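Novice: got a sequence here, can you build the structure:
(2 chains)
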Amino acid sequence: MKSTPIKKSSRRKASNGHPPQAASEALNHWNLRLYVAGQTPRSVTAFKNLKDICEEYLKGQYHIEVIDLMENPTLARGDQILAVPTLVRKLPQPIRKIIGDLSNTERVLVGLDIKPR
Amino acid sequence: MSRQVRRNSKPLKGLQKERTGISGFDEITRGGLPAGRPTLICGSAGAGKTLFAMEFLVRGALLYDEPGVFMSFEESDEELTTNVASLGFDLNQLVADKKLILDYVFIERSEIEETGEYDLEALFLRLGHAIDSIGAQRVVLDTLEALFAALPNEAIVRAELRRLFRWLKEKGVTAVITCERGDGTLTRYGLEEYVADCVILLDHRVENQISTRRVRIVKYRGTSHGTNEYPFFIDDRGFSVLPITSLGLSHKAPTEFVSTGIPRLDTMLNGRGFYKGSSIIVSGTAGTGKSTLAAHFVEAACKRGERALFFAFEESQEQIIRNMLSIGIDLERFVKKGLLKFQNSRPSAWGLEVHLALIHQAITDFDPAVVVVDPITNFLAVGDRMQTKSMLTRLIDFLKLKQITGMFTSLTSAEGALEDSEVEVSSLMDAWLLVRTIEANGERNRGLYILKARGIAHSNQVREFLMTEHGIELLDAYIGADGVLMGSARSSQLARERALDVERQQLTARKQRELQRKQEIFEAQLQALKGQYESERDAILRELDEEQSRLKIAADQRLEIARLRKADDSQGTKIDENGARKARKGAAG
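Specialist: Numbering: from 1, shown residues only, chains lettered A, B, ... in the order given. Predicted coordinates:
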C-alpha cells in the first residue's frame, strides 16, 4: 500500500532539522499524503503550498508522502482518489481530503482541522 | 460484433455496432450499441439502468469474450455482486478470470474540502489502468452524475466529463454511462449534451397498479433504429427487451393441417382440421366448453408426439388435469412425458408486456407445435382493449413466424352479441369457433359452429355437442321445420317423429289389410254370385228340361190319344202333318 515517497518528501524530511525522536513523534501526529498525476505545474504548486503551510503551522509534527498516480495508478483506489491534486490527512483520524492546488491557505487549514470551521 | 470485425472495418461501412448480448436489445438497435463510443442510459430510480449496464458487461465477457470495467459511483463491489447474483451472474468468477474489473468510486462530500484548481486525472488514470490491465473493450460508468454531488465545482466537473467522453472515444472502448433522469430533461445535469452518439431511455410506469418497463432509443446517430417504446422486463435471466412490435405480414403459409382432436369437428373443417400455423379463436359464454375444446386440441397434438404449451390464466395445472380427466382426457401422462407444459399465472400478476414476454420466453424455451392461451379475455383486467389487442397481435405474429398453431379462448359476456369477441381480435384470427349455450324449454344446450375458417371449405351447420366420458362428442345436426333443435327438445322431437313414423306405418298396414279384406269380400261375393247363378241356371235348365219333357209327353199323349181315337188327319194340318209324319214315322218305325 505504501508507495515510495518521491525525493521531495524525503528531502523535506531531511531538511526538517529536528532531533530523531521528535521527528518520530511528529510522524504519528500529522501523516499527510499528497496524490498527484505527474510533475505538472499544478502538482508542483500544490506541493509547494502544502510544504509552506506545514512549515508554518505543523513544524516538526508532520510527514508528507507524495504519490504519483501516473506511476502507481492502482493506489488511487485505496484512498478513493478522483481528483488531483488531493491531499489526504491519514492521521490524525478521521481522514480528511482536500482537493485542489491548496492555493487557499485558509481553506487548507480548515480542511485539515488546524483551524476551526 | 467482435473486436476483429471492428478493426478490419472500412470507414464506408458505416457505424460499427457492438452486440450487447441483451435479449432483444440488439434487435431494436439493429446490432447493438455504437462500437467504441459512449452511450448514455438514462432513467429514473429503479428503471434498471445498473442492471442493463452490468448485463452489457457480463454478456460481453461471456458471449463475445470482451472484458469489461464497471466503475460504480453508487454501489460497492460486494453490493453489486450480491445484487446480480440473483440473475445468475457470477461476478466473482468473472473477476477471477480477468474478464471483469469492479471499481467502486466512493466520494464522501463531507470529507472533502476544495481549495484551488484541480482536475479528475486520477479518475482517468484509475479507469485507464483498469481498462489496460485486462484489455477491456467495454466500460460502464454508473452513475456518473454522482460526481456532481461529490465535487463542489460544477464547472470543473463539466469540463472533465467532456474530456472523459473524448478520452473514452480515443480509448476505443464501448462505454455505457448511466444517468438519473431529470425533471423534464433526459438527465439531471444535461449530460446528453456531451454524449451525442446514442441515448437510451429506460422507463418504469405503473398503470392500474401494474408496472411496465419500457425502453426507447432517443437518439442513435448514424444508424436506423426502432423508434417505438419497447417493453422490457427483468427476471431471473436478466434483461429482456421485446422487439415484437412489428413482425409484419411476411410469414409463411403452410399447407399442412392440424387436427382439432375431435374427429367430427375435423369433418366439419373439410375433414382435416385447421391449417398449421393458423390462429384459432374459440369464443363463447361461460361454461360452453371452450377450455375443453382446447384440451382436445392439446391432447391431439401430444398424441401425434408434438409438444404443446398451455397458458392458463384461470385454472391451475392440477385443476385443469383433474377436470379434463373427468371427461376422459388424460393430460397428465403428456406432462410426464414432457410433451405438454402448463404455464399458469394470474393475469394481474404482471403487466401485459411482461405476460407477452413470458409467453415468448416459454415458447422459445419449449419450442412447441401447438399453443393454447386460455383465455385471452382475462388480459382485459390488466390492460385496455387497445393494449390487449396490440399485445395479442404481436403474440399472433410471433406464433405465425414460428409456424405454431395457436388456439385462444375468449369469454363472451352473456349480454353482448355472441359474435362480439371481447378483445376484438377476431379479424386477426384465421379460424373462429363459436360455442354457445342455447337456452330453450328450461334447459341449456351446447352448440358449436364454425364462424370462419380462412382457406377451408367448412360446414355452416350449428352442431350440438355433448360432454361425455370420452370428451366432446358432436351430435348429428337436427334441422327440422322449426330450426335447429337441441337437448331434450331435440330428443322429444325425435320421439315425436318416431311416433309419427309408427303411426304412418300402422296406417299403411291397416289400409293394406282393408284392401285385402275388400278383395277377399269381393272374391267371396263373386263366388257366391257364381254359385247362385249356377244354381239358378241349373234350376232353369232343369225347368226347361222338365217343360220340354212335359211338352213331349203332352204331344205324345195327344198322338197316342189320336191314335187311340183313330182320328183323321184332316183335323189340323200342322198337327196332322206332325201326326202324319210321326205317324208315318211311327208307321215306318
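Novice: going by C-alpha atoms from here, please, whenever you check contacts or count neighbours.
Specialist: Noted.
Novice: close to chain A: what parts of chain B are there?
Specialist: Applying C-alpha under 8 Å from any C-alpha of the partner chain, we find that chain B lies next to chain A at B:103, B:105-107, B:111-123, B:125-126, B:129.
Novice: now the residues you listed: which count as buried?
Specialist: Burial by neighbour count, judged by 16 or more other C-alpha atoms under 10 Å in any protein chain shown, picks out B:103, B:105-107, B:112-123, B:125-126, B:129 from the residues of chain B next to chain A.
Novice: among the residues you listed, which are in strands?
Specialist: The strands, defined by DSSP state E, take in B:103, B:112-114 from those.
Novice: SS state for B:Gly60?
Specialist: State at B:Gly60, reduced to three classes by DSSP: H, G, I helix; E, B strand; the rest coil: helix.
Novice: my guess is it contacts B:Met54. True?
Specialist: No - under the criterion of C-alpha atoms under 8 Å, B:Gly60 makes no contact with B:Met54, lying 9.7 Å away.
Novice: list the contacts of the helix or strand encompassing A:Asn49.
Specialist: Element membership of A:Asn49, judged by DSSP states H and E, is helix A:41-57. With contacts defined as C-alpha atoms under 8 Å, 6 or more residues apart in numbering or on different chains, helix A:41-57 is touched by A:34, A:36-37, A:62, A:84-85, A:100-103, A:105, B:117-118.
Novice: for the residue lying closest to B:Phe52 once chain neighbours are set aside, helix, strand, or coil?
Specialist: What sits nearest to B:Phe52 in space, not counting adjacent residues and going by C-alpha to C-alpha, 6 or more residues apart in numbering or on different chains, is B:Phe239, at 6.6 Å. Using three-state DSSP, the structure places B:Phe239 in strand.
Novice: measure B:Phe239 to chain A for me?
Specialist: 30 Å (C-alpha to the nearest C-alpha, to the nearest Å).
Novice: domains of chain B?
Specialist: Domain assignment of chain B by automatic domain parsing yields the ranges B:3-241, B:257-477, B:491-575.
Novice: adding mean pLDDT, write these out as TSV.
Specialist: Formatted as TSV, the domains of chain B follow (pLDDT from 0 to 100):
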stretch	mean pLDDT
domain B:3-241	84
domain B:257-477	83
domain B:491-575	84
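Novice: and the particular helix or strand that has B:Cys302 in it, what does it pack against?
Specialist: Using DSSP H and E, B:Cys302 sits in helix B:290-303. Applying 3 or more C-alpha pairs under 8 Å, 6 or more residues apart in numbering or on different chains; DSSP states H and E, we find helix B:290-303 packed against strand B:279-284, strand B:308-312, strand B:370-374, strand B:405-411, strand B:471-474.
Novice: relative to the first one, what are the paired strands and their orientations?
Specialist: Read it as strand B:279-284. Here strand B:279-284 has these sheet partners by DSSP bridges: strand B:405-411 (parallel), strand B:431-440 (parallel).
Novice: next up, phi/psi of the residue in the stretch 151-300 of chain B that chain A sits nearest to, please.
Specialist: Here the stretch 151-300 of chain B gets closest to chain A at one residue, B:Leu151, 9.2 Å apart by C-alpha to the nearest C-alpha. Main-chain torsions, B:Leu151, degrees, to the nearest 10: phi -110, psi 130.
Novice: right, and it touches B:Val157 too?
Specialist: Yes - if you go by C-alpha under 8 Å, B:Leu151 and B:Val157 touch, sitting 7.3 Å apart.
Novice: quick check: B:Ala457 touching B:Asn270?
Specialist: Yes - the pair B:Ala457 and B:Asn270 qualifies as a contact (C-alpha under 8 Å) at a distance of 5.7 Å.
Novice: what about the residue in the stretch 351-500 of chain B that chain A sits nearest to, which SS state?
Specialist: Nearest residue of the stretch 351-500 of chain B to chain A, counting by C-alpha to the nearest C-alpha: B:Val354, 40.5 Å away. When classified by three-state DSSP, B:Val354 comes out as helix.
Novice: so who does it touch?
Specialist: By C-alpha under 8 Å, 6+ apart, the contact set of B:Val354 is B:212, B:231-233.
Novice: same question, B:Leu94
Specialist: Contacts of B:Leu94 by C-alpha under 8 Å, 6+ apart are B:61, B:100.
Novice: ok, now how distant is it from B:Asp397?
Specialist: From B:Leu94 across to B:Asp397, the span is 38 Å (C-alpha to C-alpha, to the nearest Å).
Novice: partner residues bridging the residue nearest to B:Phe52?
Specialist: The partner residues for B:Phe239, given DSSP bridges, come to B:Ile234.
Novice: pretty sure it contacts B:Ser23?
Specialist: Yes - here B:Phe239 reaches B:Ser23: they are 6.7 Å apart, a contact under C-alpha under 8 Å.
Novice: the two - which one has more neighbours?
Specialist: Neighbour comparison, B:Phe239 and B:Ser23: the larger count goes to B:Phe239, with 21 against 16 (by other C-alpha atoms under 10 Å in any protein chain shown).
Novice: and the residue most central in space within chain B, bridged to which residues?
Specialist: For chain B, the residue nearest the mean C-alpha position is B:Met407 (1.5 Å; C-alpha atoms, centre = their mean). Beta-bridge pairing of B:Met407 under DSSP bridges involves B:Ile280, B:Val372.
Novice: residue contacts, it?
Specialist: B:279-282, B:294, B:370-373.
Novice: how close does it sit to B:Lys99?
Specialist: The spacing between B:Met407 and B:Lys99, counted by C-alpha to C-alpha, is 46 Å.
Novice: which residues in chain A form strands?
Specialist: For chain A, the strands defined by DSSP E occupy A:30-36, A:62-68, A:86-91, A:96-99.
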